[in-house]
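J.: Output the structure for:
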Amino acid sequence: MTVRVLFFVEGFTDIRFLVGLSEVCELTVALPERAYQASGLAGRVAASGARIQVVAIPGGRAAFQLRSWSYLWRHAHEFDVILAQEMLRGALNATIVGALKGVPVVTYMGISPIEYFRCRRERGQLGAVSAWLGELAIRTLMTINGALATRALVMGPYLTQVAAPFSARVAMGRYYGVDTTQFRPAGAEERQALRARLDLPASRFLVLLSSRISHEKDPETVLRAVARVREQGIDAVVLNLSGGYRDFLALAGTLGLDNPASWVLAREAVHPMEGLADYYRTADVLAQGSLAEGLGLSPLEALACDTPVVATEIGGLAAHLGPFAALTPRRDDGAMAAALMRVARNPAAARLHAQRGRAYVAATWSRDAAFRELQAVLTDAATTGVGRTVREEHA
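T.: The predicted model follows:
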């Protein structure tokens, strides 16, 4: 059975997920036109050659909400199942229309919404009243969507706990997983060759920060930690790859760091299926600083390359990375610096430790398994209206 799936997106999504999803179903994607164009996803979809029907809905938040309701009301019956991104405002239209039209809806949550939202308050971006009202709105949306959805699929073991109070039908997914044929180890000679090809410093200690710059991330702690490493005589540089790389460079200039222009590097986000893996493969270590984290696929991709990982001990990072990465307390740049120093002083031992992580990623987070499991959930939702539990036990 080839399932006809509408993937209903309220914001940004990843080309890796779209391509993999298109391989296991007949896929239509409905998403905001602005995000589709601004993120570069439109070009990536066109270049991928994947069989994807795209419905780009124009307008800002309010207009998108109204127009997407109209689209869903007119077209929901054309699909066997609706896969709705997250459990918030976008999913609300999908779950209500699905309930009224008798079309199964599976929500797919990749973040911890309340914790992420609280990071805005922590950063001073919201006042007390706005924070209270916003959290109330999030809880209300999650409660409604959790009650109406056929299945609440979540990304990774930590988010199963986050979603459980809002849905009795929670199952764990793996999003797009990790393609271990791309994310694979490189020997010393190949790492040097990659640095030359990517125009990266040949002999400096390269710390990779491959994550967006947003309110729930903690690039400040990574920058301060690398500065401490440099103070101890290690010629370290930090490289950010993201759509917000200019914000990262600007941030480095506000923290009172010593000559950041000489060691803080940043580049535009790299196509995740065409070159990103090489940055992981040549890096000395990946540093993931977070204030809140639902899962954290970047550390898994690094481990698949035998690249050591230093990350914040929080949320999804703490839930499954403990045996394979160095985890440090939240906002503790001293502890993160100490962990980075251990990698710098004994890189062979650090890579040997990371090898255990590659075995874990291959066994637990492979791309093929991720999409096979997702296909099973969508097929069961379409045929029974229930949706089979993928893997509810923790990995």
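
J.: wait, isn't residue 334 in contact with residue 227?
T.: No. Using CB atoms under 8 Å, residue 334 is not in contact with residue 227; the gap is 11.1 Å. Heads up, the C-betas are built off the backbone N, CA and C, glycines and all.

J.: Could you check which of the two has the larger neighbour count?
T.: The neighbour comparison of residue 334 against residue 227 (other CB atoms under 10 Å) goes to residue 227, with 22 against 13.

J.: just to confirm, which helix or strand has the residue lying closest to the more buried one once chain neighbours are set aside in it?
T.: Take residue 227 and drop its neighbours on the chain: the residue closest to it by CB to CB, 6 or more residues apart in numbering is residue 257, 5.0 Å away. Secondary structure assignment for residue 257, by DSSP states H and E: no helix or strand.

J.: And residue 257, how far from residue 264?
T.: Per CB to CB, to the nearest Å, residue 257 is found 8 Å from residue 264.

J.: now do residue 223
T.: In terms of CB to CB, residue 223 sits 7 Å off from residue 264.

J.: residues shared between the contacts of these two?
T.: Counting by CB atoms under 8 Å, 6 or more residues apart in numbering, the contacts common to residue 223 and residue 264 are 238, 252, 257.

J.: from those residues, which is closest to residue 296?
T.: When those are ranked by distance to residue 296 (CB to CB), residue 238 comes first, at 17.7 Å.

J.: Look at the closest one and give its secondary structure.
T.: strand (DSSP: H, G, I helix; E, B strand; the rest coil).

J.: wait, doesn't the residue nearest to residue 227 sit right on residue 224?
T.: Yes. With contacts defined as CB under 8 Å, residue 257 counts as touching residue 224 at a distance of 7.5 Å.

J.: ok, the two, which is more surrounded?
T.: Neighbour count, other CB under 10 Å: between residue 257 and residue 224, residue 224 has more, with 21 against 17.

J.: Can you tell me the element the more buried one falls in?
T.: With DSSP H and E as criterion, residue 224 is part of helix 219-231.

J.: Please apply the same query to residue 281.
T.: Per DSSP H and E: residue 281 is located in helix 276-282.

J.: Over to residue 28?
T.: strand 26-32.

J.: Can you point out the buried residues in the helix or strand following that strand?
T.: Next helix or strand after strand 26-32 toward the C-terminus (DSSP H and E): helix 33-38. By neighbour count on 16 or more other CB atoms under 10 Å, the buried set for helix 33-38 is 33-36.

J.: and the helix or strand hosting residue 161, how far from the chain's centre?
T.: If you go by DSSP H and E, residue 161 is part of helix 157-163. Distance of helix 157-163 from the chain centroid (CA atoms, centre = their mean, to the nearest Å) equals 15 Å.

J.: That one - contacts with which helices or strands?
T.: With contacts taken as 3 or more CB pairs under 8 Å, 6 or more residues apart in numbering; DSSP states H and E, helix 157-163 sits against strand 105-109, strand 151-155, strand 170-173, helix 315-320.
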